[in-house]
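**Student:** Sequence and computational prediction follow.
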Amino acid sequence: MIRKILIGLAAMMFVASCTTTDEVTGERTPNRTANGAIIGAILGAGAGTLAGGDDRRNALIGAGVGALAGAAIGHYMDQQEHNLRERLRGTGVGVTRVNESQILLDFPADLTFDFNRDAVKGQFVPVLMNTANVLHDYPQTTVDVYGHTDSIGSEAYNQDLSERRAMNVASVLIQGGVMRQRIAVTGFGKTRPIASNATDEGRARNRRVEVYISAFRG
């Protein structure tokens, strides 16, 4: 079952809680117990809250975010696209203008995560922080984070992995200053491939997190 989640307040604690520091080496490593507990709490509290989309809209209006209308949409998204391309050049993140009111960011899983892991790679966190900085400057957009996997493994396993990876990306964006009310997370597991799962190259393309940035319309 595909679950859609409105990021809750607990996500604000996620990045700070998801690592531990070795007292001898000083190395920071993922805290799996904390990760599971926090994500579980968010999933349990938030699942299903976006039916119809009214919850997020109401939350944004309540937070004082104004909606865009008319010609202002294209100009606003043009500027945001330009800044995203500048910040993400050379990182391996794909930036696609879907239409006048929507931008797609494609985060390949092999860059973002270690194999079969859900914690964002430490070296990739700055890329997400740069993304968050741009999103922070354009608050009149919503941010949908979609997790996808390849076809290896069971449906349930891939569904869970896709949710956790998308949640972790969203959590870093929130930590980077993106208003939590703007963000929703969906895990699609292996149900939406963009390439053949019969080859290593195709499976690599299918393992991804997508971020759809959409104008908040009036």
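**Tutor:** Sure, I can see it. Residues are numbered from 1 along each chain as shown.
**Student:** Assign a three-state SS to the closest residue to residue 92 other than its chain neighbours, would you?
**Tutor:** Among residues not flanking residue 92 along the chain, residue 111 sits closest, at 4.9 Å (CB to CB, 6 or more residues apart in numbering). Backbone N, C-alpha and C define where each C-beta goes, glycine included. The assignment at residue 111 comes out as helix when based on DSSP: H, G, I helix; E, B strand; the rest coil.
**Student:** now the one 4 residues further on
**Tutor:** Residue 115 falls in the coil class when you classify it by three-state DSSP.
**Student:** distance of it from residue 121?
**Tutor:** 11 Å (CB to CB, to the nearest Å).
**Student:** Compare those two (neighbour count), which wins?
**Tutor:** residue 121 (14 against 7; other CB atoms under 10 Å).
**Student:** Let me know whether my guess that residue 73 is in a helix holds.
**Tutor:** Yes. Counting by three-state DSSP, residue 73 is found in a helix.
**Student:** where do the helices sit along this protein?
**Tutor:** 14-17, 32-46, 54-62, 71-88, 109-112, 125-137, 155-175, 200-206 (DSSP state H).
**Student:** Setting aside sequence neighbours, what's the nearest residue to residue 212?
**Tutor:** Closest to residue 212 by CB to CB, 6+ apart is residue 144, at 4.3 Å.
**Student:** doesn't residue 182 make contact with that neighbour?
**Tutor:** No. In this structure residue 144 lies outside contact range of residue 182 using CB atoms under 8 Å: 9.4 Å.
**Student:** And these two? Which one has more around it.
**Tutor:** residue 182 (27 against 21).
**Student:** what's near enough to touch the more buried one?
**Tutor:** 56, 60, 65, 135, 139, 141, 142, 143 (CB atoms under 8 Å, 6 or more residues apart in numbering).
**Student:** Same check on residue 142?
**Tutor:** Contact analysis of residue 142 by CB under 8 Å, 6+ apart lists 56, 60, 182, 183, 184, 213, 214, 216.
**Student:** what's the burial count for the last one?
**Tutor:** Okay, so that is residue 216. Counted with other CB under 10 Å, the neighbours of residue 216 add up to 21.
**Student:** if I pick it, what's in contact with it?
**Tutor:** Neighbouring residues of residue 216 by CB under 8 Å, 6+ apart: 57, 60, 65, 66, 67, 68, 140, 141, 142.
**Student:** For beta bridges, what are the partners of residue 183?
**Tutor:** On the basis of DSSP bridges, residue 183 is bridged to residue 143.
**Student:** quick one: pLDDT of it?
**Tutor:** Predicted confidence (pLDDT) at residue 183: the value is 96.
**Student:** That one touches residue 170, doesn't it?
**Tutor:** Yes. Between residue 183 and residue 170 there is a contact under CB under 8 Å: 5.2 Å.
**Student:** Of those two, give the one with the bigger neighbour count.
**Tutor:** residue 170 (27 against 24).
**Student:** That one touches residue 185, doesn't it?
**Tutor:** Yes. Proximity of residue 170 to residue 185 meets the contact threshold set by CB under 8 Å, at 5.1 Å.
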